[in-house]
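1. model this:
(one chain, ligands or ions: 1)
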Amino acid sequence: MDLSALRQKIDSLDTTLVNLLNERARVSLDVGAAKKAAASASDVQKDPDPHVYIPTREKQIYEKLKRLNKGPLNQDSLQAIFREVIVFTYLVYPSAPPRSSTHPLLRSCLHPSPCKKKSQSPTSARRAPTPTSARTTGSVIASHMFRRSGSKVYVFDAVERGRTTYGIVPFENSSYGSVVVTLDRLIDTELRIRAEAYLGVHHTLMSNSPLDAIKKVYSHPQALGQCKRYLDTHHPVAERIPVTSTSAAAELAARETGAAAICSLVCAELYGLNVREQNIEDVKSEF
Ligand SMILES: O=C(O)C(=O)C[C@]1(C(=O)O)C=C[C@@H](O)C=C1
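-> Below you'll find the model as predicted:
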C-alpha cells in the first residue's frame, strides 16, 4: 500500500475510534446514572459502591486488556490509553454519583467522606477534576488529571475543601516506614480512604554541578532515607538537607552551585536540572 492509501486507512480508523470512544463514554455515563439510581433507591446495599472511580472494576478491565492484547502495542501502553479513556469520562459526568457510606477502608486515595463538614457543599466536594499539566507527579489514575502539590497537607486540604475530587498521598514505604505526616492527618480528617495503589519508588540525583563537586543534597526526609546507602557510599561528606518535598529540593538545587536534589526524573525538565544518576534508591522495586 502506498503512503496516501495508508494515511487514508489511518483516517478511517481514527473516525471509527472517535465514534467508539464516544459510544463507550455514553455507556459509562449510563453506568453512572444506573449507579446513582440504585443508590437513591434508598437501599445502599444494592449498590455499595456508587462512586465514579471504581478501582476494582478498572483492574478487571486492565486484566481483560492483557488477555485481549495481541500487539504490537505493549500492555503498559494499552493500559495507559484505556486509563485515559476511562478517566476522561469522569469529566463529562454531569455530577458524580453519591458516595457510599459502606465502602471498606483502603489505603492511599482519599475522598470526601459521607459525613463531611457542614461547610462543604456536596457540589463543590464532588466537582469534576480539571485537566492540568501532563507533567505532574503521582499519576496513578491519569497523568493529566493531576494537580501538582507541594505537600501532603495541601492534598488533604484540597480534597476537604472540595477543590478536587480525589487526592493521593503516600502512606507507607517498604524501605523507610510509615509516612508520619499522612498518618497524623488521617486521625483528624473526615475524608475516607478510597483505594490503594502500589508504586515503585525511583529516585534520581540531579544537579547542575558535576558529581565530584556536590557539597549538599536536598530532598524530602523519606527520599534521603530511601537513598541512605547510596549517599553513604557515593557522597559521604555531602550535607543532607531535608526539605518539604522532592520538588522543593529540585527547585533549590537548580539555584545553587554544588547542590543536588534527590527527586523523580520528571523534575529534570521542570526545574532545568541535569540528571547525574538514576535509580539510586537502596531498595530496588519491581514496578
Ligand atoms: O463499571 C463502572 O462502574 C463504571 O463506572 C464504568 C467505568 C468505565 O468507564 O469502564 C468508569 C469508571 C470506573 O472507575 C470504572 C469503570
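
2. next one, pLDDT for residue 104 please.
-> pLDDT, residue 104: 28.

3. for residue 122, same thing?
-> Reported pLDDT for residue 122: 27.

4. check residue 255 too.
-> Taking residue 255 on its own, its pLDDT is 96.

5. quick check: phi and psi at it.
-> Phi and psi for residue 255, reported as degrees, to the nearest 10, are phi -90, psi -10.

6. from residue 282, how far off is it?
-> In this view, residue 255 and residue 282 are 28 Å apart by Cβ to Cβ, to the nearest Å. The C-beta positions use only the backbone N, C-alpha and C, and glycine is treated the same way.

7. report the secondary structure state of residue 13.
-> Three-state call for residue 13 (DSSP: H, G, I helix; E, B strand; the rest coil): helix.

8. tell me how far it lies from the ligand.
-> Taking Cβ to the nearest ligand atom, to the nearest Å as the measure, residue 13 falls 21 Å from the ligand.

9. going forward, count from 500.
-> Shifting the count to begin at 500 puts that one at residue 512.

10. that older thread, who's more crowded, residue 754 and residue 781?
-> residue 781 (16 against 9; other Cβ atoms under 10 Å).

11. secondary structure element holding the closest residue to the more buried one other than its chain neighbours?
-> Spatial nearest neighbour of residue 781, chain neighbours left out: residue 728 (4.3 Å); criterion: Cβ to Cβ, 6 or more residues apart in numbering. Following DSSP states H and E, one finds residue 728 within helix 727-733.

12. go on, residue 585?
-> helix 574-591.

13. list the buried ones in that helix?
-> 577-578, 581-582, 584-589 (16 or more other Cβ atoms under 10 Å).

14. for the residue nearest to residue 781, report the pLDDT, please.
-> 95.

15. quick one: it from residue 736, how far?
-> 16 Å.

16. neighbour count winner among these two?
-> Taking neighbours as other Cβ under 10 Å, residue 728 and residue 736 compare with residue 728 leading, 13 against 6.

17. test my guess that the more buried one contacts residue 780.
-> No - counting by Cβ atoms under 8 Å, residue 728 does not reach residue 780; the two are 9.2 Å apart.

18. roughly how far does residue 584 sit from the ligand?
-> From residue 584 to the ligand the distance is 7 Å (Cβ to the nearest ligand atom).

19. and the gap between the residue nearest to that residue when sequence neighbours are not counted and residue 653?
-> Using Cβ to Cβ, 6+ apart and skipping residues adjacent in sequence, the residue nearest residue 584 is residue 520, 6.2 Å away. Distance of residue 520 to residue 653, given as Cβ to Cβ: 33 Å.

20. thinking again about what came up before, could you work out the most separated pair of the buried residues of helix 574-591?
-> Maximum pairwise distance among the buried residues of helix 574-591 (Cβ to Cβ): 19.7 Å, between 577 and 589.
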